[in-house]
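Participant: my questions concern the predicted model and sequence given below.
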Amino acid sequence: MDFKDLKKIIELVKENDIMELELQDGDFRLATKLRGNDPVYVTTSAAPQAPSASPAPSAPQASGGEMPPAPKVDAPSIKSPMVGTFYRSSSPDADPFVKAGDLVEADSTVCIIEAMKVMNEIKAEVTGRITKILVENAEAVEFGQPLFEIEPA
């Protein structure tokens, strides 16, 4: 599946007010779910993808060009619903959405994940206290990767 196909699928989802869509083609998986007025896109792929016209800044990588493994977490956590770039705040000079020790509600925005040039606000989806931030600002994240440890209330 190439970028043009993805763009057509996303346009069809938006134009037809589709609330939820999941598509799988071999190792490639695309899932989209409309949350309020903000679409959330999730893509995973074992196959290499063609680079975009204007590449996003890359996160630091481990030696050998491989991404460092995601930290193993035993505590309850808020996980990434998509592949993308993690941002703790809405802009470089803004305060972070949350800090360790902050109380959050289920609908509290805890971070932004940029995916395909779309900024997606990520909600806590659980009420509790943030105990640890597991990802650095502007770091690449994977689908299902723990972003925050949280102590449920």
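Facilitator: Perfect, I can see it now. Numbers count the residues shown, from 1 in each chain.
Participant: give the buried residues for stretch 130-146.
Facilitator: Along stretch 130-146, these residues count as buried under the neighbour rule (16 or more other Cβ atoms under 10 Å): 130, 133, 134, 135, 138, 139, 140, 141, 145, 146. (C-beta placed from N, C-alpha, C; glycine too.)
Participant: and it, end to end?
Facilitator: Separation of the first and last residues of stretch 130-146 by Cα to Cα, to the nearest Å is 12 Å.
Participant: what's the burial count for residue 77?
Facilitator: 18 (other Cβ atoms under 10 Å).
Participant: what about the helices in the chain?
Facilitator: Assigned by DSSP state H, the chain shows helices spanning 3-15.
Participant: can you list the domains in it?
Facilitator: Listed by automatic domain parsing, the domain ranges of the chain are 3-44, 77-152.
Participant: by mean pLDDT, show me the worst of those.
Facilitator: Among the domains of the chain, domain 3-44 carries the lowest mean pLDDT, at a mean of 67.
Participant: ok, residue 105 touching residue 124?
Facilitator: Yes. Because the distance of 6.8 Å satisfies Cβ atoms under 8 Å, residue 105 is recorded as touching residue 124.
Participant: mutual contacts of these two, please.
Facilitator: Common neighbours of residue 105 and residue 124, using Cβ atoms under 8 Å, 6 or more residues apart in numbering, do not exist here.
Participant: these two - which one has more neighbours?
Facilitator: The residue with the greater number of neighbours, taking residue 105 and residue 124 and applying other Cβ under 10 Å, is residue 124; the counts read 22 against 12.
Participant: re earlier: tabulate the buried residues of stretch 130-146 (TSV), appending distance to residue 100.
Facilitator: Output for the buried residues of stretch 130-146, formatted as TSV (distance: Cβ to Cβ, whole Å):
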residue	distance to residue 100
130	6
133	6
134	10
135	13
138	18
139	17
140	22
141	18
145	18
146	14
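Participant: and which of these is nearest to residue 153?
Facilitator: Closest approach between these and residue 153, by Cβ to Cβ: residue 130, at 11.2 Å.
Participant: done for today, thanks.
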